[in-house]
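Q: Mind folding the following:
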Amino acid sequence: MTSAARAPARPLALFDIDGTLLVAGDPDHIPCLEEALSEVFDRPVTLDGVPLGGNQELAIAREAARRAGVGDDEIDALLPEVMTELGRRFLERVGDRRHRLLPGAPAAVAALAGAGWDLGLLSGGARAVSLAKMRAAGLADHFPFGAFGDDHEDRAALVPVALSAGTAHHGGHHSPDRTVLVGDTPRDVDAALRAGCGVVAVATGRFGVAELAGHGAQVVLADLSDAAEVVAACAAALPRPAA
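A: Have a look, this model is predicted:
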């Protein structure tokens, strides 16, 4: 092997946060986004009627601003400022989030790492908010990289962003056929299928087992409470199994 060659990467599991690792409906996230939108666009902006589950922070903010009568050019120009203001407000408020951990989440994450998996985040939330939640829940050390809802408005487009971040962090080459997305919404399932990844859906958010299976998830779990089951499910969902 030449010095320029890259070692083969270990399998990669990319985790959603809200509804997958933490209870959905963080008490500070939506208020902070509404406040940031209203501040930056200088008018009342709410998330009333905007689809949230599995959606991207940028897409949510864009739709909310449109509903408040903001033009697309102004939205394009000011969305980065909205994300910055959102992060600032959330960091001021976020407290301990360990009580919001879903059953089995820490043990399942640790079991995957112990079984030879690399771990990253694929979150619809903005980077600053997502990382703050992970720190507050005591899980940040397990997730050294990821892709976030202020990186792109299309969830499937976050996959190559996360793979590149994983490759840069670990030195191996991460690819979709050795990657599994773990999430709780049909949008997670759709993103994985469009990106060529495997998917493990968990019915710990707003969608049940049958509904997630009906959207094409290869593997659906009721929750993450059985760590061995989670490891087996991720291995079974890999598009290209381990040699």
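
Q: Mind jotting down where the helices sit in this protein?
A: With DSSP state H as the criterion, the chain has helices at 29-41, 57-67, 72-93, 105-114, 127-137, 155-170, 186-195, 209-214, 227-237.

Q: For residue 22, which of the ones you listed is the nearest?
A: helix 127-137 (6.0 Å; Cβ to Cβ). The way it works is simple: take the backbone N, C-alpha and C, and place the C-beta from them, glycine included.

Q: Pull the residues that contact that closest one.
A: 17-18, 21-22, 26, 29, 32, 57, 83, 86-88, 90-91, 94-98, 100-101, 121, 123, 125, 140, 143, 146, 148-151 (Cβ atoms under 8 Å, 6 or more residues apart in numbering).

Q: closest one to residue 9 among the helices of the chain?
A: Among the helices of the chain, the nearest to residue 9 by Cβ to Cβ is helix 155-170 (6.4 Å).

Q: May I see the buried residues of that closest one?
A: 155, 156, 158, 159, 161, 162, 163, 165, 166, 167, 170 (16 or more other Cβ atoms under 10 Å).

Q: wouldn't the third one be in contact with residue 151 here?
A: Yes. Counting by Cβ atoms under 8 Å, residue 158 does reach residue 151; the two are 5.9 Å apart.

Q: show me what contacts residue 139?
A: Residue 139 neighbours (Cβ under 8 Å, 6+ apart): 21, 101, 105, 106, 109.

Q: who wins for neighbours among those?
A: Highest neighbour count within these, by other Cβ atoms under 10 Å: residue 21, with 30 neighbours.

Q: Can you tell me the closest non-neighbouring residue to that one?
A: residue 105 (4.7 Å; Cβ to Cβ, 6 or more residues apart in numbering).

Q: hang on, the one you found packs against residue 224?
A: Yes. In this structure, residue 105 is within contact of residue 224 by Cβ under 8 Å, at 5.2 Å.

Q: Spit out the residues that contact those two alike.
A: By Cβ under 8 Å, 6+ apart, residue 105 and residue 224 have these common neighbours: 20, 21.

Q: Can you read off the pLDDT for the residue nearest to the spatial centre of the chain?
A: Closest to where the C-alpha atoms of the chain average out (Cα atoms, centre = their mean) is residue 123, at 1.8 Å. Per-residue confidence at residue 123 stands at 96 (pLDDT).

Q: can you give me phi and psi for it?
A: When read as degrees, to the nearest 10, the backbone of residue 123 gives phi -120, psi 140.

Q: so how far is residue 177 from it?
A: 22 Å (Cβ to Cβ, to the nearest Å).
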